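# Just a sequence and a predicted model for now, questions to come.
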Amino acid sequence: MGGEASKADVGRKEYLTAEERQSALKTLHKLSKGGEALSISVLEKHICTYLSPEAASRLTSLLTKLRSPMGNKTPVQSVGCGIVVDNLGPLVKGSAEKHNYLTYTLAGGDKDGVDSDAIVKYLEMIISSFLRLATSQQGYRAWHSGSQENVIRVSRALLHDLLYRGAGIKETWSQPPPKAQFTYDEFERFILGHTIFTTLETEVVCCCFDLPSQADQTPILPLPSLVPKNYSSLLSASQVLLLNSSLPAFLRSEWRLLFSSVTHGCSFSILMKQIVGKGPTLIVVEDQSGNKFGGFASVSWEVRPQFQGTADCFLFSLEPRAGVFLTTGYNSNYMYLNYLEKNTMPNGLGMGGREELFGFWLDYDFGKGSVAPSCTTYRSPPLSPNTEIQMTALEVWGVGPEEKDSDEEEGTRSKKSALDKNPEARAMLDMMGKTRVSEGFREEEKDD
């Protein structure tokens, strides 16, 4: 099998730094009460605090080499701490092939393949374990754990392309995951294109042995900011993980709470004030039936009677099913925000589709909205079974670093025109087809 490492590989290359090796050895020596040899049962019990009993048993076998990858046991009761660390190194810091083989093995794969049910169950366990560790850290506690049902939904969403073998998410939306078996090669092809699977696993294993995070500069969970004390988000931690993994990498580090109907009240004008010009955002809606859905706006919102945005926008559903729906390329009706009293265009916020058939629509009469049965802009099913929705809660998160005006950073006076400060007036000129003459007559910067 392509992922198996030969015995000669171990020890020939030092994967861990000296500091990492000492940290892992310190954990193992503590378990062995200062001895150089560690009881196999004690090691497995320790790993069980991070992984399921089945996965802990498989990882113990890999770390001690007491069992071949296909399951032949050797009756040995203890193993040297140094051997465990030698075997740990390539699993957490080795090649993609070694990472894939670790995932395949811990998920229950063998020479005959791996069952889809086992893969789903394993990912659910890894997500739960990672979130339990991550949300216990200072700064991330605002992300509440949520229900296990949310973890199940997110796991199936992340595994969609594997479970449904390339079928579109819109076509399989109401279908339960089919039961199937995958070969190592099939599983590996999927994992190579979905690195979050092995990233979560590696983080949990590293934490088990007190190794530093091996994740690159792209965070798995964003750091929440501007969150009131004791605030309870509409999003569970697993839902945050799903949405964050779908964002462009440079937007994943921080989420800023821009608007919440709980803290800001039920006002469309306040909503506009909070989100216009604030950079990319995630909008999360909860309707009268408890359905949760929304969309990612890839650019700052502007008040104007035309569609805006880029093909990086997407829609999503979180409850009762989870999924992320990318653009189709059929049109560029990505995002829309308008609020003009004397206007023939609709007033409100929408994403996708067209007038009166938006993927989802939030009316300027706060609390009312609609969901289209189909959307030409995004590959989405109806986001709610309710065509007409009554919004019970709304959140908007600014994603990525906060955009700052360069003039403000330098401490100089702003060179914005009156139209910049009045989005409604600017939108009115757009609707009338009038050019903004002042755009070409802004004060030029003077050389120092």
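Noted; the coordinates are in hand.
# And the helices in the stretch 201-350 of the chain?
Secondary structure of the stretch 201-350 of the chain (DSSP state H, counting those that start in this stretch): helices located at 237-246, 261-264, 268-275.
# among those helices, which is nearest residue 386?
helix 261-264 (17.8 Å; C-beta to C-beta). C-betas here are computed from N, CA, C, even on glycine.
# So what touches that closest one?
228, 231, 270-271, 274, 391, 393-395 (C-beta atoms under 8 Å, 6 or more residues apart in numbering).
# which regions of the stretch 1-150 of the chain sit below the pLDDT cut-off?
1-12, 66-75 (pLDDT under 70).
# The contacts of helix 261-264 into JSON lines, with extra columns for neighbour count, pLDDT and distance to residue 123?
As requested, the contacts of helix 261-264 are exported to JSON lines (neighbours: other C-beta atoms under 10 Å; pLDDT from 0 to 100; distance: C-beta to C-beta, whole Å):
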{"residue": "228", "neighbour count": "11", "pLDDT": "92", "distance to residue 123": "33"}
{"residue": "231", "neighbour count": "15", "pLDDT": "91", "distance to residue 123": "29"}
{"residue": "270", "neighbour count": "14", "pLDDT": "95", "distance to residue 123": "40"}
{"residue": "271", "neighbour count": "25", "pLDDT": "96", "distance to residue 123": "36"}
{"residue": "274", "neighbour count": "18", "pLDDT": "96", "distance to residue 123": "36"}
{"residue": "391", "neighbour count": "18", "pLDDT": "96", "distance to residue 123": "32"}
{"residue": "393", "neighbour count": "15", "pLDDT": "97", "distance to residue 123": "28"}
{"residue": "394", "neighbour count": "23", "pLDDT": "98", "distance to residue 123": "30"}
{"residue": "395", "neighbour count": "23", "pLDDT": "98", "distance to residue 123": "26"}
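# Closest to residue 199 out of those?
Looking across the contacts of helix 261-264 and measuring by C-beta to C-beta, the closest to residue 199 is residue 395, at 26.1 Å.
# Distance check, the closest one against residue 239.
11 Å (C-beta to C-beta, to the nearest Å).
# quick check: angle from the lengthiest strand in the chain to helix 237-246?
The longest strand of the chain (DSSP state E) is strand 388-399. With axes from the mean of the first three to the mean of the last three C-alpha atoms, to 10 degrees as the basis, strand 388-399 and helix 237-246 are set at 70 degrees to each other.
# What strands line up against strand 388-399, and which way round?
With DSSP bridges as the test, strand 388-399 is paired with strand 254-260 (antiparallel), strand 281-287 (antiparallel), strand 368-371 (antiparallel).
# For these, could you give me CSV that also reports mean neighbour count, distance to residue 304 and mean pLDDT?
Converted to CSV, the strands paired with strand 388-399 look like this (neighbours: other C-beta atoms under 10 Å; distance: least, C-beta to C-beta, whole Å; pLDDT from 0 to 100):
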stretch, mean neighbour count, distance to residue 304, mean pLDDT
strand 254-260, 22, 19, 97
strand 281-287, 23, 16, 98
strand 368-371, 20, 20, 95
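# For those strands, please prepare a markdown table with the additional fields distance to residue 167.
Converted to a markdown table, these look like this (distance: least, C-beta to C-beta, whole Å):
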| stretch | distance to residue 167 |
| --- | --- |
| strand 254-260 | 31 |
| strand 281-287 | 27 |
| strand 368-371 | 23 |
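# Quick one: closest of the ones you listed to residue 105.
For residue 105, the closest of those is strand 254-260, at 34.5 Å, according to C-beta to C-beta.
# how long is stretch 149-167 end to end?
Taking C-alpha to C-alpha, to the nearest Å, stretch 149-167 runs 24 Å from one end to the other.
# Can you point out the buried residues in that stretch?
By neighbour count on 16 or more other C-beta atoms under 10 Å, the buried set for stretch 149-167 is 150-160, 162-164.
# who's in contact with that stretch?
By C-beta under 8 Å, 6+ apart, stretch 149-167 touches 116, 119-120, 123-124, 127-128, 131, 169, 172, 175, 177-178, 180, 182, 186-187, 190, 193-194, 196-197, 236, 238-239, 241-242, 245, 318-324.
# Got a quick ChimeraX command for the buried subset of these?
If you want just the buried ones from the contacts of stretch 149-167 in ChimeraX, going by 16+ other C-beta under 10 Å, the selection is:
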select :116,119,120,123,124,127,128,131,169,172,177,180,182,187,190,194,196,197,236,238,239,241,242,245,318,319,322,323,324
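# Which of the contacts of stretch 149-167 fall within strands?
182, 318-319, 323-324.
# circling back: so can I have a markdown table of the helices of the stretch 201-350 of the chain showing distance to residue 354?
As requested, the helices of the stretch 201-350 of the chain are exported to a markdown table (distance: least, C-beta to C-beta, whole Å):
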| stretch | distance to residue 354 |
| --- | --- |
| helix 237-246 | 24 |
| helix 261-264 | 27 |
| helix 268-275 | 21 |
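# Show me the one of those that comes nearest residue 298.
Short answer: helix 237-246, nearest of these by C-beta to C-beta, at 11.6 Å.
# Please save the CA atoms from that closest one in PDB.
The C-alpha trace of helix 237-246 is given here as PDB (Å, rounded to 0.1, in the frame of the first residue of the first chain):
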ATOM      1  CA  ALA A 237     -18.200  26.000  16.800                       C
ATOM      2  CA  SER A 238     -18.600  23.200  14.200                       C
ATOM      3  CA  GLN A 239     -20.600  25.600  11.900                       C
ATOM      4  CA  VAL A 240     -17.900  28.200  12.300                       C
ATOM      5  CA  LEU A 241     -15.400  25.600  11.300                       C
ATOM      6  CA  LEU A 242     -17.300  24.700   8.100                       C
ATOM      7  CA  LEU A 243     -17.800  28.300   7.000                       C
ATOM      8  CA  ASN A 244     -14.300  29.400   7.800                       C
ATOM      9  CA  SER A 245     -12.800  26.500   5.800                       C
ATOM     10  CA  SER A 246     -14.900  27.700   2.800                       C
END
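# helices or strands up against that helix?
Using 3 or more C-beta pairs under 8 Å, 6 or more residues apart in numbering; DSSP states H and E, the elements in contact with helix 237-246 are helix 116-134, helix 148-158, strand 292-297, strand 314-319, strand 323-325.
# now that helix against strand 314-319, angle please.
160 degrees.
# mind giving me the domain ranges of the chain?
18-208, 254-399 (automatic domain parsing).
# Among those domains, which comes closest to residue 222?
domain 254-399 (4.3 Å).
# how distant is that closest one from the center of its chain?
Relative to its chain's centre, domain 254-399 lies at 19 Å (C-alpha atoms, centre = their mean, to the nearest Å).
# Look at the closest residue to residue 278 other than its chain neighbours and report its pLDDT.
Nearest non-adjacent residue to residue 278, counting by C-beta to C-beta, 6 or more residues apart in numbering: residue 398, 5.0 Å away. pLDDT, residue 398: 98.
# Pretty sure residue 398 sits against residue 258.
Yes. Judged on C-beta atoms under 8 Å, residue 398 makes contact with residue 258 at a distance of 4.8 Å.
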